[in-house]
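**Student:** Build the 3D model from these lines:
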Amino acid sequence: MYTPKYGISNDILRNLNRTSAAHNLIVNAPLIPKWEARLKKEAMIRSAHFSTSIEGNKLTLDEVKAIFEGKKVYAKQRDKQEVINYKKVLEFIDKEPELTIETIKKINEITLEKMDEEGRGEFRKIQNYIVRKKDGIREIVYTPPAASEVPILMQDLVKWINKSVKEDVSPIIIAGIAHYEFVSVHPFVEGNGRTARALATLILYKLGYDTKRLFSLEEYYDQDLTRYYSALQSGQKNRNGEDLTYWLEYFTEGIASEMTRIEKQILDVSRDRILKEKIGQLELNPRQIKAVAYLQKKGKMTRSEYVKLTKCSPKTANNDLHEMLDKQLIKQKGGGKYTFYVLTHV
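**Tutor:** Numbering: from 1, shown residues only. Sure, this is the predicted structure:
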């Protein structure tokens, strides 16, 4: 039976507490429905972009967004197919399938669709290696277990995941260890990294840390790939007696960082429940949300302050403010050059 070795360090505990606080605020925030849908779509786009970027995909974030919107993108077909596939993976795990061997194989099968057809969705029958290129020279940095060991190792991992769920182990710890062990076993010929990251996200979804599907852990990894690989290799150096504490410090820091980012993103529009109770739920653009946060803090705002705050033109400011007036989100006071705006509930 798979039994990972790790400790709950002060860093891990601090990250878990920070994540829990942000998570509670996010899931209870009165997000505007259409705005929430847009944030979810943006998170999916970032996940697809950064997870494929980690594997060497050259598409920009804007190009990935265009693919999501069904627009034509002039780039290598393989790069485009990788993004299309990862979009399908995210849609698949969004349905929260059961945590089984079959689900893991399905994730890999979708990941490699129309790309690496041979062996996709099936455990490898050959030995593979993790290779890094340094100074133009390719070197083996880690040798995964033999192919004959893969089926039992993966069965052990799935059993451990489900056992840990019953034992109320933190979902974040379960997701982090599953990510690590999957990459260490490297059960498929291709697509292991993308499958591992999707599996970790699925575990968070299944165990209550879906956070309205607004997060993208892949972006955190891509910001410093050297650190990502270093954290993974910290346990792989001694496979039989690996200690996963350092990896979990890194993984929980990533979760906490992403949750804090989402918390900040929605806090300005969600912090004032009175606003929701008074005027209902409205869809606002990013400039208007920033203005609401400013008004909640300062109490009033002139048109010129709106222009300066949001870095928009006077014409755009007029359009935004008129829309907010029409929605009865704000009201106008004063007159002429002394005109200013306040929130309606003040």
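**Student:** okay, and for this structure, where does confidence drop off?
**Tutor:** For the chain, applying pLDDT under 70 flags the ranges 30-35, 235-241, 267-283, 345-346.
**Student:** Find the centremost residue of it, please.
**Tutor:** For the chain, the residue lying nearest the average C-alpha position, counting by CA atoms, centre = their mean, turns out to be Ser216 (1.3 Å).
**Student:** right, and that residue touches Lys40 too?
**Tutor:** No: under the criterion of CB atoms under 8 Å, Ser216 lies out of contact with Lys40, with a separation of 10.5 Å. Glycine gets a C-beta too; all of them are placed from N, C-alpha and C.
**Student:** so how far is stretch 145-162 from its chain's centroid?
**Tutor:** Counting by CA atoms, centre = their mean, to the nearest Å, stretch 145-162 is centred 26 Å from the centre of its parent chain.
**Student:** Residues contacting it, please?
**Tutor:** The list of residues contacting stretch 145-162 from outside it, by CB atoms under 8 Å, 6 or more residues apart in numbering, reads 1-4, 99-101, 104, 123-127, 174, 177-178, 181-182, 185, 187, 203, 239.
**Student:** which SSE is Ser53 in?
**Tutor:** helix 33-54 (DSSP states H and E).
**Student:** can I get the CA coordinates of that helix in PDB?
**Tutor:** Provided in PDB are the C-alpha atoms of helix 33-54 (Å, rounded to 0.1, in the frame of the first residue of the first chain):
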ATOM      1  CA  PRO A  33     -23.600  35.500 -12.100                       C
ATOM      2  CA  LYS A  34     -22.400  36.700 -15.600                       C
ATOM      3  CA  TRP A  35     -19.200  38.100 -14.100                       C
ATOM      4  CA  GLU A  36     -18.500  34.800 -12.400                       C
ATOM      5  CA  ALA A  37     -19.000  32.900 -15.700                       C
ATOM      6  CA  ARG A  38     -16.500  35.200 -17.400                       C
ATOM      7  CA  LEU A  39     -13.900  34.700 -14.600                       C
ATOM      8  CA  LYS A  40     -14.400  30.900 -14.900                       C
ATOM      9  CA  LYS A  41     -13.800  31.100 -18.700                       C
ATOM     10  CA  GLU A  42     -10.700  33.200 -18.100                       C
ATOM     11  CA  ALA A  43      -9.400  30.700 -15.600                       C
ATOM     12  CA  MET A  44      -9.900  27.800 -18.100                       C
ATOM     13  CA  ILE A  45      -8.000  29.800 -20.800                       C
ATOM     14  CA  ARG A  46      -5.100  30.500 -18.400                       C
ATOM     15  CA  SER A  47      -5.000  26.800 -17.400                       C
ATOM     16  CA  ALA A  48      -4.900  25.600 -21.000                       C
ATOM     17  CA  HIS A  49      -2.300  28.200 -21.900                       C
ATOM     18  CA  PHE A  50       0.100  27.700 -19.000                       C
ATOM     19  CA  SER A  51      -0.200  23.900 -18.800                       C
ATOM     20  CA  THR A  52       0.600  23.500 -22.400                       C
ATOM     21  CA  SER A  53       3.300  26.200 -22.200                       C
ATOM     22  CA  ILE A  54       5.000  24.200 -19.500                       C
END
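**Student:** tell me which strands and helices it is in contact with?
**Tutor:** When contacts are defined as 3 or more CB pairs under 8 Å, 6 or more residues apart in numbering; DSSP states H and E, helix 33-54 sits against helix 61-68, helix 77-94, helix 192-206, helix 217-223, helix 245-270.
**Student:** Hey, what's the angle from that helix to helix 192-206? Just curious.
**Tutor:** 150 degrees (axes from the mean of the first three to the mean of the last three CA atoms, to 10 degrees).
**Student:** let's number from 59 now, not from 1
**Tutor:** From this message on, residue numbering opens at 59, which makes the last subject helix 91-112.
**Student:** And helix 91-112, what's buried?
**Tutor:** Using 16 or more other CB atoms under 10 Å as the burial criterion, the residues of helix 91-112 that qualify are 93-94, 97-98, 100-112.
**Student:** ok, now stretch 154-169?
**Tutor:** In terms of neighbour count (16+ other CB under 10 Å), stretch 154-169 has its buried residues at Pro155, Leu157, Thr161, Ile162, Lys163, Lys164, Ile165, Asn166, Glu167, Ile168, Thr169.
**Student:** Disregarding flanking residues, what is the spatial nearest neighbour of Met382?
**Tutor:** Across the structure, with CB to CB, 6 or more residues apart in numbering as the measure, the residue nearest Met382 apart from its sequence neighbours is Ile388 (4.7 Å).
**Student:** brain fart, His244
**Tutor:** Beyond its immediate neighbours in the sequence, the residue positioned closest to His244 (CB to CB, 6+ apart) is Pro202, lying 3.8 Å away.
**Student:** State the number of residues packed around that neighbour.
**Tutor:** Here the count is done by other CB atoms under 10 Å, and Pro202 has 21 residues near it.
**Student:** thinking again about what came up before, how near is the residue nearest to the centre of the chain to Ser111?
**Tutor:** For Ser274, the distance to Ser111 under the criterion CB to CB, to the nearest Å works out to 12 Å.
**Student:** Do a quick rundown of the helices in the stretch 159-308 of the chain.
**Tutor:** In order along the chain, the stretch 159-308 of the chain carries the following helices (DSSP state H, counting those that start in this stretch): 159-169, 208-224, 229-243, 250-264, 275-281, 283-294, 303-328.
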